[in-house]
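Student: Curious how this folds, go ahead:
(chains A, B, C and D)
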Protein chains: 2
Amino acid sequence: MPSSKPTPVTMDAVYTAPGYLFRRMQQIAVALFIEECKAFDLTPVQYAALVTISTHPGIDATRLSAVIAFDRSTLGNVIERLQAKEYIVRKPAPEDKRVKLLYLTKAGAAVLGDIMPSVDKAQARMLQPLKPADRKTLLSLLTQLVDLNNESSRVPLRAEDALEHLGRSG
Amino acid sequence: MPSSKPTPVTMDAVYTAPGYLFRRMQQIAVALFIEECKAFDLTPVQYAALVTISTHPGIDATRLSAVIAFDRSTLGNVIERLQAKEYIVRKPAPEDKRVKLLYLTKAGAAVLGDIMPSVDKAQARMLQPLKPADRKTLLSLLTQLVDLNNESSRVPLRAEDALEHLGRSG
DNA sequence: ATTTAATTGACAGTATACTGACAATATGGC
DNA sequence: GCCATATTGTCAGTATACTGTCAATTAAAT
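Tutor: Modelled structure (predicted):
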């Protein structure tokens, strides 16, 4: 076997790297979401925030961040935009002057109801090129991997249960 | 079965969506890359660009964009930063006054050689929570999916071959 | 050759992401 | 009650991403 030659760099150092593939796939996923949902003025991140505010009325920004595992700083801007579109409102929490609680407006609830079919279509298109059995396998492995790597992310996902009593116990 | 109730929105609309999982996994991948490579002043995108300039000395920004499937506008800034760090140089193309050709500097080649083990470690850590067989399966499905969805992305990947004679034939 | 098309790099504008800091506020130990 | 500490929202700074536009330049059409 050849021994002391310096390893030649090839494009495989990029193309076969899982990180590169995850990046590409994320970009494709966003492109498909935007294409399917272009009739609605919502990005994937804004959609996720809206769903979460819908299922957790009165949640605050920090807990929202933990429930969808998005950066708290980033979320500030996302919330601003949702507010500017009048899809949500912010109300000061009576018992904690720091906190602002988030609620869907009627327009927010309406757009969420309307956009759902398009979102589903986009999600389906992402995996459509694979055979049905392969879709299941990929989704299962991906779910496992995200879960097992949870603590490696800057903003680990904290399930709703773990947050329910954050205000009192910690 | 209940029939006409409006479908209640649950967090599954977020958590089980492939797009959400790809986003989370991409963020985890970047976090692991940055952590493993913190001794080197390179981001994942800058690393990919550097590898490509290394394997394609004298490539221009537009072709670089196509070879790694990164947005051309974004790449302009990436190139600026690599230039500021003196890892690459730009030389005007003699036969086309619009084009600026990209070359690695010695410092660029050195950092690329040095960072490789850390990059490999980061890539390995992303999949490490899975069993070896599952890693292979996931990587295979992900590679297929990215390839099959190539045209759905804003900047489809164009292999090096398809670009070799872009300057003459198109 | 002259008009038309396309290409290249650049730029402005918007939207995620992350880092690190900060003031206001709340909570804990004592 | 007082002080150290933690939390909340915010902000500034950097780095991807994408859209759309533009001037300079080149290539293609005729």
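
Student: so what's A:Pro57 up against?
Tutor: Neighbouring residues of A:Pro57 by Cβ atoms under 8 Å, 6 or more residues apart in numbering or on different chains: A:Leu102, A:Tyr103, A:Leu104. C-beta coordinates here come from the backbone N, C-alpha and C atoms, glycine included.

Student: ok, now with 10 Å
Tutor: Listed by Cβ atoms under 10 Å, 6 or more residues apart in numbering or on different chains, the contact set of A:Pro57 reads A:Leu101, A:Leu102, A:Tyr103, A:Leu104.

Student: Helix, strand, or coil at it?
Tutor: Taking DSSP: H, G, I helix; E, B strand; the rest coil as the rule, one finds A:Pro57 in the coil state.

Student: Can you report phi and psi for it?
Tutor: phi -60, psi 140 (degrees, to the nearest 10).

Student: With DNA strand D as the reference, measure out to it.
Tutor: According to Cβ to the nearest atom of the strand, to the nearest Å, A:Pro57 stands 14 Å off from DNA strand D.

Student: Helices of chain A, start to end?
Tutor: Applying DSSP state H to chain A gives helices spanning A:12-15, A:18-36, A:44-55, A:61-68, A:72-84, A:106-127, A:132-148, A:160-163.

Student: List the buried residues in the first one.
Tutor: Of the residues in helix A:12-15, those scored as buried under the neighbour-count criterion (16 or more other Cβ atoms under 10 Å in any protein chain shown) are A:Ala13, A:Val14, A:Tyr15.

Student: Just to check, A:Ile79 is in contact with A:Leu101?
Tutor: No. Contact criterion Cβ atoms under 10 Å: A:Ile79 and A:Leu101 do not qualify, at 11.4 Å.

Student: thinking again about what came up before, which single one of the contacts of A:Pro57 is nearest to A:Pro8?
Tutor: A:Leu102 (53.5 Å; Cβ to Cβ).

Student: before we move on, back to that, overlap of the contact sets of A:Ile79 and A:Leu101?
Tutor: Common neighbours of A:Ile79 and A:Leu101 (Cβ under 10 Å, 6+ apart) are A:Ile53, A:Ala61, A:Arg90.

Student: was I right about the last one contacting A:Ala84?
Tutor: If I follow you right, that is A:Arg90. No. Applying Cβ under 10 Å as the test, A:Arg90 and A:Ala84 come out as separate, 11.6 Å apart.

Student: Report the set of residues contacting both of those two.
Tutor: With contacts defined as Cβ under 10 Å, 6+ apart, no residue is shared by A:Arg90 and A:Ala84.

Student: what about the two, which has more around it?
Tutor: A:Arg90 (15 against 9; other Cβ atoms under 10 Å in any protein chain shown).

Student: Please name the bridge partners of the nearest residue to the more buried one once chain neighbours are set aside.
Tutor: In this structure, A:Arg90 finds its nearest non-sequential neighbour in A:Lys100, 4.4 Å apart by Cβ to Cβ, 6 or more residues apart in numbering or on different chains. In this entry, A:Lys100 is beta-bridged to A:Pro92, by DSSP bridges.

Student: and A:Lys100, what does it touch?
Tutor: A:Asp60, A:Ala61, A:Ile79, A:Val89, A:Arg90, A:Lys91, A:Pro92, A:Ala93.

Student: Kind regards, and thank you for your time.
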